[in-house]
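1. following is a predicted model, sequence given first.
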Amino acid sequence: MLFQKPNRETFEARYWERVKGDEIMCGLCPRACKLNEGQKGNCFVRQNLGGRMVLTTYGKSSGFCIDPIEKKPLNHFYPGSSVLSFGTAGCNLACKFCQNWDISRSKEFDRLSENASPLAIAEAAETHKCKSIALTYNDPVIFLEYARDVAFECRKKNIRVVAVTAGYINPEPRKEFFSFIDAVNVDLKSFTNLFYRKLTGGNLKTVLDTLLHIREKTKAWLEITTLIIPGENDSPQELKKLTKWINKELGKDTPLHFSAFHPDYKMTDRPKTPLSSLISARKIALDEGLRYIYTGNVYYEAGDTTFCPNCGEKLIERSWYELPGYYLSESGSCRQCGLKVPGMFDSQPGTWGNRRKPIRI
């Protein structure tokens, strides 16, 4: 059902239960925050008001920007197209290396300078001829109700819905959230529970369950990103386990992006990721049988390019979100050998380029 009350102080959220008296417990994610009157959860945006759960950021955003879809990153989802990106505030993880920490870890909402109804967002995407909208910047699972209503309006206008998420969500809300998502990039931050517990406050199993749900229970196009942090998740042994699991459980055609870490938030004492680490990770993934491996936050031609895994021909060349070369047929196949490339493609690539265009709604 589409809610019609975008008042951020009174909008009632879902997935909670009463514990005793006016105390309630949130059921959105495994944190299971118990909240007394007036308290907010660890995500900072779901609050107990009058013994009921409200979403305090409904209808409020930290800003809107038109991006290239490759920036999400999604390399096999309408390449070259434009996407209207937005987020709110807060996050249900507490990553010490967060690169959007001023938004995701914000307890104050003075950053939320944009008021926008779901209809206004869909209309803006249509006006600016965006192929899709992206729920991003902070984790969209925590504003599930707002995201759902935006998706409802976008569906009417044939605008796709993209999510960028860490996948830390319980089974019931997971089912609802991914039911309206057309494409998703999931941050698989590591392949050890120790990493998740120490550096994010979450757990690995929930994220793996989310990945399996997306692959097995939805039609959403899936890509994965792993931020390579020196000394934390870059060992060959861990990367072999991670890529082997993806191949076995999600399939060899699942695109995987290895992205470079730069010192930020609570991990400013760590060096940035050297290009050699990304090249090594990419080789490990290819050796484990994955077919589409990319590198991010660096310029590396081979890691930017989509190659045909059958004949080795270049299919899509990229340069900082530009597409200088595009060699897929109209059906999305390799022109050399005819292999069908997995993903979602138009007959011709988009022409948005590498522009980043902030807009007001």
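-> Yes, it's here. Owing to the predicted nature of the structure, the values given are computational and were not obtained by experimental measurement.
2. list the buried residues for stretch 191-203?
-> Buried positions in stretch 191-203, judged by neighbour count with 16 or more other C-beta atoms under 10 Å: Phe191, Thr192, Phe195, Tyr196, Leu199, Thr200, Gly201, Gly202. C-beta coordinates here come from the backbone N, C-alpha and C atoms, glycine included.
3. then stretch 297-317?
-> 297-298, 300, 303-309, 314-316.
4. who touches that stretch?
-> Counting by C-beta atoms under 8 Å, 6 or more residues apart in numbering, stretch 297-317 makes contact with 75-76, 79, 258-262, 273, 275, 278-279, 282, 291-296, 318-320, 323-328, 334-337, 339, 341, 349, all of which sit outside it.
5. now do the strands in the stretch 1-150 of the chain.
-> Ranges of strands within the stretch 1-150 of the chain are 16-20, 23-26, 34-35, 46-49, 52-55, 60-61, 64-68, 82-86, 114-115, 132-135, based on DSSP state E, counting those that start in this stretch.
6. export the ones you listed as JSON lines, with columns for mean pLDDT and distance to Leu144.
-> Below are the strands of the stretch 1-150 of the chain laid out as JSON lines (pLDDT from 0 to 100; distance: least, C-beta to C-beta, whole Å):
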{"stretch": "strand 16-20", "mean pLDDT": "94", "distance to Leu144": "12"}
{"stretch": "strand 23-26", "mean pLDDT": "97", "distance to Leu144": "11"}
{"stretch": "strand 34-35", "mean pLDDT": "98", "distance to Leu144": "17"}
{"stretch": "strand 46-49", "mean pLDDT": "96", "distance to Leu144": "10"}
{"stretch": "strand 52-55", "mean pLDDT": "96", "distance to Leu144": "8"}
{"stretch": "strand 60-61", "mean pLDDT": "90", "distance to Leu144": "15"}
{"stretch": "strand 64-68", "mean pLDDT": "97", "distance to Leu144": "19"}
{"stretch": "strand 82-86", "mean pLDDT": "97", "distance to Leu144": "15"}
{"stretch": "strand 114-115", "mean pLDDT": "72", "distance to Leu144": "19"}
{"stretch": "strand 132-135", "mean pLDDT": "98", "distance to Leu144": "10"}
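7. for Asp287, which of the ones you listed is the nearest?
-> For those, the distance to Asp287 is smallest for strand 64-68, at 30.0 Å, taking C-beta to C-beta.
8. what comes into contact with the closest one?
-> For strand 64-68, the external contacting residues (C-beta under 8 Å, 6+ apart) are 80-86, 114, 116, 121, 124, 128, 130, 134, 321, 352-361.
9. what of stretch 352-361?
-> Stretch 352-361 is contacted from outside by 61, 63-69, 71, 80-82, 84, 114, 116, 120-121, 124, 128, 320-322, using C-beta under 8 Å, 6+ apart.
10. send the alpha carbons of it over as PDB?
-> Provided in PDB are the C-alpha atoms of stretch 352-361 (Å, rounded to 0.1, in the frame of the first residue of the first chain):
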ATOM      1  CA  TRP A 352      25.300  10.500 -20.200                       C
ATOM      2  CA  GLY A 353      29.100  10.300 -19.900                       C
ATOM      3  CA  ASN A 354      30.900  11.100 -16.600                       C
ATOM      4  CA  ARG A 355      28.900  14.100 -15.600                       C
ATOM      5  CA  ARG A 356      27.600  14.600 -12.100                       C
ATOM      6  CA  LYS A 357      24.700  17.000 -12.000                       C
ATOM      7  CA  PRO A 358      23.100  18.100  -8.700                       C
ATOM      8  CA  ILE A 359      19.500  19.000  -9.000                       C
ATOM      9  CA  ARG A 360      16.800  20.500  -6.800                       C
ATOM     10  CA  ILE A 361      13.400  18.900  -6.400                       C
END
